[in-house]
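In: Structure, please.
(2 chains)
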Amino acid sequence: MEDSLRVASLRKEEIGNLGLAGLRLTLRLCYANFILYLLLYVTGMYINIYITGGVNTVGISDISNMIHMITAILNFVFTFTVMVVGFLYGMRKVAVFSLGAVVCLVIATVGGLVFLETGGGRISGGETLAGGWIMSILFMLALFLSYYATLKVMRAIKVLEVTNRT
Amino acid sequence: MLDSFKSSRATPRTRPLLYLIYLQAISLAVTYVAGTWLAITVQNVSSNLLEVIEHGLASSAFVLLTGVIAFLAALQGHKRVLMYNSALFFVTVITGSTGFALLGNPTDATQIAITNLSMMASVAVGMPITGLSLATLSRSSRGISRDPSIVPFMTYMALGALSLTIVAGAAVASPLYAFAIAAHVGLAALTVALVLGVLVISILEASGGVSNWEPQRVAYSLLGLASVSVAGGDGVIYLTSGGLSYLMVMAEVAVLVYSFLMIGIGAPYRFSSTAGGKR
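Out: You can find the predicted model right below:
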């Protein structure tokens, strides 16, 4: 009876079938992704304050923009990978939260491209500013969703550790 | 650390990983063809925006799949697949960033040469690595630790020679023209020889009564040989006529050679086989 209750409560926990070692590796990937989110924020704010703060514009081939875009590529790949792991190894919430983050990042990237394509500066017009705002807001939403996915991975690890399962 | 996954992983899922590698190979092929099309037709990037977007989407899919494959390989304990795909991932990200620089300076000859050569280098690294990943994982899904035939090894060599042929071909537009032409022709001949070798050994394995005889390998290496021969003939026509459309045909046929070699590496397909089971 006690065992069946335990099994039933574990089912609700959604630990998936990745195993403890795999979950720990996925958690490391999530941590690495947060570092990328931070870098993305820092490089984005640098461009916002020091380059496009006045009348200057930012171009696609500027070094600061290239670093920002490379960081964005890595961030997208890591988030997408967590989503794939969630889908393949039966962690529905991890997959759904990461999918939300992936969708946000795609739309944010389109916003960034609109920003660059329509002038790349604060005084370039309404479309440019709209692109910039879309990029910023969806970046924050993606960060929030990735955070939830990470919490679910951490929860699964805790459950496996407590129940002494690998 | 990776060894711990081999003992502790609960349900290895090799088959989804195999499908991802096929998708990765397709995206690499599309990236290469779209990139070649862009390189030989581009006069002004802004007027070829659609082609730029096509190439960008295909290359993004390639880098994304490479990253996902590397991580899934780590989860399943395939150390070699992890290492090679991680290296390919970083090479592709770095070389891809030269594309951003080109978009900013589309008329700069030096920038065009750097972008062409670095992106071709990425394709060159990608071709043998996708082949190696596919061979390793298809063996694993069949429950074989080591392939008894030399054919897969010769196929990697052929993929390597093909990719170097592509790089030498891209270098023809650089100041190293004479050296690049000689290297391109020599490496193309090596590719033909290796594909022919794959075909001959596949047939000999059959006639010798060796148990690992695979008719699919014979068929695909034959198709690969036919494609590589067409590419060679097309190169000769390009040299005599100078039409840029022949360059495009050569790129498309090279992609066919790559595809047939990849399918040959993944052969034989036994989807109903229980050797891999639900993996």
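In: Near chain B, which residues of chain A? Just list them.
Out: Neighbours of chain B within chain A, by CB under 8 Å from any CB of the partner chain: A:17-22, A:25-26, A:29, A:59-62, A:65-66, A:69-70, A:73-74, A:76-78, A:80-81, A:84-85, A:88-89, A:166. (Each C-beta comes from the backbone N, C-alpha and C, glycine too.)
In: any idea how far chain B is from A:L38?
Out: Look at A:L38 and chain B: by CB to the nearest CB, to the nearest Å, they are 18 Å apart.
In: Name only those of the residues of chain A next to chain B that count as buried.
Out: Those of the residues of chain A next to chain B that meet the buried threshold are A:18-22, A:25-26, A:29, A:59-62, A:65-66, A:69-70, A:73-74, A:76-78, A:80-81, A:84-85, A:88-89, by 16 or more other CB atoms under 10 Å in any protein chain shown.
In: Quickly find the element holding the residue nearest to B:N116 when sequence neighbours are not counted.
Out: Excluding its sequence neighbours, the residue lying closest to B:N116 (CB to CB, 6 or more residues apart in numbering or on different chains) is B:A170, at 5.3 Å. Here B:A170, judged by DSSP states H and E, is contained in helix B:151-170.
In: what's the burial count for B:L190?
Out: 17 (other CB atoms under 10 Å in any protein chain shown).
In: which residues does the closest residue in space to A:R122 that isn't next to it in sequence contact?
Out: Leaving aside its chain neighbours, A:R122 sits nearest to A:T52 (5.3 Å; criterion: CB to CB, 6+ apart). Contacts for A:T52 (CB atoms under 8 Å, 6 or more residues apart in numbering or on different chains) come out as A:V58, A:G120, A:G121, A:R122.
In: top of those residues by neighbour count?
Out: Most neighbours among the contacts of A:T52, by other CB under 10 Å: A:G120, with 22 neighbours.
In: so what's that one up against?
Out: Here A:G120 is in contact with A:T52, A:T57, A:V58, A:G59, A:T128 (CB under 8 Å, 6+ apart).
In: B:I129: which of these is nearest?
Out: Nearest to B:I129 among those, counting by CB to CB, is A:G59 at 33.1 Å.
In: so the closest one touches B:P106, yeah?
Out: No: applying CB atoms under 8 Å, one finds A:G59 not in contact with B:P106, separated by 11.9 Å.
In: For burial, what's the neighbour tally of B:V185?
Out: By other CB under 10 Å, neighbour count at B:V185 equals 17.
In: Equivalent analysis for B:Y156, please.
Out: As a burial measure, B:Y156 scores 18 neighbours (other CB under 10 Å).
In: same thing with the one 10 residues further on?
Out: By the other CB under 10 Å criterion, the neighbourhood of B:I166 contains 26 residues.
In: Am I right that it is in contact with B:V123?
Out: Yes: using CB under 8 Å, B:I166 is in contact with B:V123, at 6.1 Å.
In: what touches both of those two?
Out: Contact criterion CB under 8 Å, 6+ apart; residues shared by B:I166 and B:V123: B:Y32.
In: quick one on the thing from earlier: among the contacts of A:G120, give me the pair with the biggest separation.
Out: Among these, A:G59 and A:T128 lie farthest apart (CB to CB), at 12.9 Å.
In: Identify the residue spatially nearest to the residue of the stretch 101-250 of chain B found nearest chain A, adjacent ones excluded.
Out: Residue nearest to chain A within the stretch 101-250 of chain B (CB to the nearest CB): B:G104, separated by 2.1 Å. Leaving out its chain neighbours, the residue that sits closest to B:G104 by CB to CB, 6+ apart is A:S61, at 2.1 Å.
In: My guess is A:I134 contacts A:A108. True?
Out: Yes: applying CB under 8 Å, one finds A:I134 in contact with A:A108, separated by 6.5 Å.
In: Same drill for these two, tell me which one is more crowded.
Out: A:A108 (23 against 19).
In: List the contacts of that one.
Out: Per CB under 8 Å, 6+ apart, neighbours of A:A108: A:I134, A:M135, A:L138, A:F139, A:A142.
In: that older thread, narrow the residues of chain A next to chain B to those in helices?
Out: A:20-22, A:25-26, A:29, A:65-66, A:69-70, A:73-74, A:76-78, A:80-81, A:84-85, A:88 (DSSP state H).
In: Check B:A275 and give its pLDDT.
Out: Per-residue pLDDT puts B:A275 at 44.
In: Hmm, B:F100 and B:G56 touching each other?
Out: No: between B:G56 and B:F100 there is no contact under CB under 8 Å: 10.0 Å.
In: Next, work out how far apart the nearest residue to A:R92 once chain neighbours are set aside and A:K93 are.
Out: Among residues not flanking A:R92 along the chain, A:E14 sits closest, at 6.3 Å (CB to CB, 6+ apart). Counting by CB to CB, to the nearest Å, the separation of A:E14 from A:K93 is 6 Å.
In: picking up where we left off before, buried residues, the helix holding B:A170. List them.
Out: B:151-152, B:154-170.
In: Mind listing the shared neighbours of A:E14 and A:K93?
Out: Joint contacts of A:E14 and A:K93 (CB under 8 Å, 6+ apart) are A:K152.
In: so where is chain A shaky, pLDDT-wise?
Out: By pLDDT under 70, the weakly predicted segments of chain A are A:1-13, A:166.
In: buried stuff in stretch B:127-147?
Out: For stretch B:127-147, the neighbour count (16+ other CB under 10 Å) marks B:127-141, B:147 as buried.
In: wait, I meant stretch B:80-94
Out: B:V81, B:L82, B:Y84, B:N85, B:S86, B:L88, B:F89, B:V91, B:T92, B:V93.
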